[in-house]
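Student: Need coordinates for the following:
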Amino acid sequence: MVHETTRIETVTGDITQQDDLDAVVNAANAQLMPGGGVAGAIHRAAGEELVAACRPLAPISPGQAVVTPAFNMPNRWIIHCLGPRFGIDEPADTLLADCYRNALQLTAQYGIQSVGFPALSTGAFGYPFRDAARVAVQGVDDALETLGEPPRLVRFVFFSEADRHAFDDVLKTG
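Tutor: Here you go, the predicted structure:
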């Protein structure tokens, strides 16, 4: 995936420690409250103010994205996306692609120049990793083609090297 103005990269690391990014994406639950995985880590890092900021925005539906300040995190913004629960929320591929498209629409709306995504829906929501990676790549690609002001950097942040390598394989093959 190559875009004239946007660099796409992958890293292994902690999504809450991406201090060079304007925004990170939270793999949120419908109520936008602390949970396990990415949502729990982001809420712990951002602090108690995040719960209060999220409350009036909830609930959100699968595929929807909303934005809040990042509070105690090193970023300015958190974009919260509710990915589909695999085998429950259908059509899962469309809803997952909507997460990426809607998050990137918010980057344009808020002037966000760099954003980090986790592997949405692949944890507790059970989306098969390679299928989710394929949808993520296509969703980001589609969104970047339509945005008037796309971000300069889209980073995918993975907890494990194995996930990063699997995603890189999908990224290379399309």
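Student: Need the distance between the two termini of stretch 60-73.
Tutor: One end of stretch 60-73 sits 23 Å from the other (C-alpha to C-alpha, to the nearest Å).
Student: quick one: buried residues of it?
Tutor: In terms of neighbour count (16 or more other C-beta atoms under 10 Å), stretch 60-73 has its buried residues at 60, 62, 63, 64, 65, 66, 67, 68, 70, 71, 73. (C-beta placed from N, C-alpha, C; glycine too.)
Student: And stretch 161-170, by the same measure?
Tutor: Across stretch 161-170, burial judged by 16+ other C-beta under 10 Å covers 163, 164, 166, 167, 170.
Student: just the CA coordinates of that stretch, formatted as PDB?
Tutor: Listed next in PDB are the C-alpha coordinates belonging to stretch 161-170 (Å, rounded to 0.1, in the frame of the first residue of the first chain):
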ATOM      1  CA  GLU A 161       6.300  -9.700  16.800                       C
ATOM      2  CA  ALA A 162       4.400 -12.700  15.300                       C
ATOM      3  CA  ASP A 163       1.300 -10.500  14.800                       C
ATOM      4  CA  ARG A 164       3.400  -7.700  13.300                       C
ATOM      5  CA  HIS A 165       5.100 -10.200  10.800                       C
ATOM      6  CA  ALA A 166       1.700 -11.700   9.900                       C
ATOM      7  CA  PHE A 167       0.300  -8.200   9.200                       C
ATOM      8  CA  ASP A 168       3.400  -7.200   7.200                       C
ATOM      9  CA  ASP A 169       2.800 -10.200   5.000                       C
ATOM     10  CA  VAL A 170      -0.700  -9.100   4.300                       C
END
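Student: Which secondary structure element is home to residue 68?
Tutor: Under DSSP states H and E, the secondary-structure element containing residue 68 is strand 65-69.
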